[in-house]
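Asker: Mind looking at a prediction? Sequence and model below.
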Amino acid sequence: MKTKIDKVYVISIDESNAKVKHIHSMIKEIGLPNDCPIEILGANGWDMSDEDYNNIVYKDWNMSNESIEVHPNKFYARDITKGEVGCALSHIKVWKDAYENNYDRIIVYEDDIAATEYKMEWSILN
């Protein structure tokens, strides 16, 4: 039995013709088990106000009082960027749309998708 994909989402804030053509080319190269809609959407965190950013970001993310230069895990010793917030909000938009449309199977790519020699085998696992 073949898997039916309800929709493919691509997270991107760049909707230029060149980027859209590249995304569609990569998806075609990877292959899908059926024709399905492809939607490009995203939330540009860099466009949000400082007030919105401060209302969204978890205040205790930066888990260190030490400077980023001396902290053993630099990732947790820095503030979250507006770009990272935008990425998270983009994924939330996808989940919301999929839920509202009762989709059972979706694929989510980010706009830096790259095709490899690996070809997808589409089947339902029991």
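Answerer: Nice, I can see it.
Asker: Quickly find the element holding the closest residue to Ala115 other than its chain neighbours.
Answerer: Spatially, and ignoring its direct neighbours in sequence, Ala115 is nearest to Glu29 (3.8 Å; C-beta to C-beta, 6 or more residues apart in numbering). All C-beta spots, glycine's among them, are computed from the backbone N, C-alpha and C. Per DSSP states H and E: Glu29 is located in helix 17-30.
Asker: Check the offset of that helix from the chain's centre.
Answerer: Mean-position distance between helix 17-30 and its chain equals 16 Å (C-alpha atoms, centre = their mean, to the nearest Å).
Asker: related to what we said a few turns ago, so how many other residues sit close to the residue nearest to Ala115?
Answerer: Neighbour count of Glu29, defined by other C-beta atoms under 10 Å: 12.
Asker: Against Asp47, how distant is it?
Answerer: Between Glu29 and Asp47 the distance is 32 Å, computed by C-beta to C-beta, to the nearest Å.
Asker: Which element is encountered next along the chain beyond the helix holding Glu29?
Answerer: As assigned by DSSP H and E, the chain's next helix or strand after helix 17-30 is strand 38-41.
Asker: and whatever helix or strand comes next after that next one, what other elements does it pack with?
Answerer: Where DSSP H and E defines the elements, the next helix or strand beyond strand 38-41 is helix 50-56. Helices and strands touching helix 50-56, by 3 or more C-beta pairs under 8 Å, 6 or more residues apart in numbering; DSSP states H and E, are helix 82-100.
Asker: which other residues reach the helix it packs on?
Answerer: Contact with helix 82-100 is made by 6-7, 9, 11, 13, 39, 41-48, 53, 56-57, 106, 108, 110, as judged by C-beta atoms under 8 Å, 6 or more residues apart in numbering.
Asker: Centre of the chain to it, how far?
Answerer: Chain-centre distance of helix 82-100: 7 Å, with C-alpha atoms, centre = their mean.
Asker: buried stuff in it?
Answerer: Within helix 82-100, the residues that count as buried by 16 or more other C-beta atoms under 10 Å are Lys82, Val85, Gly86, Cys87, Leu89, Ser90, His91, Lys93, Val94, Ala98.
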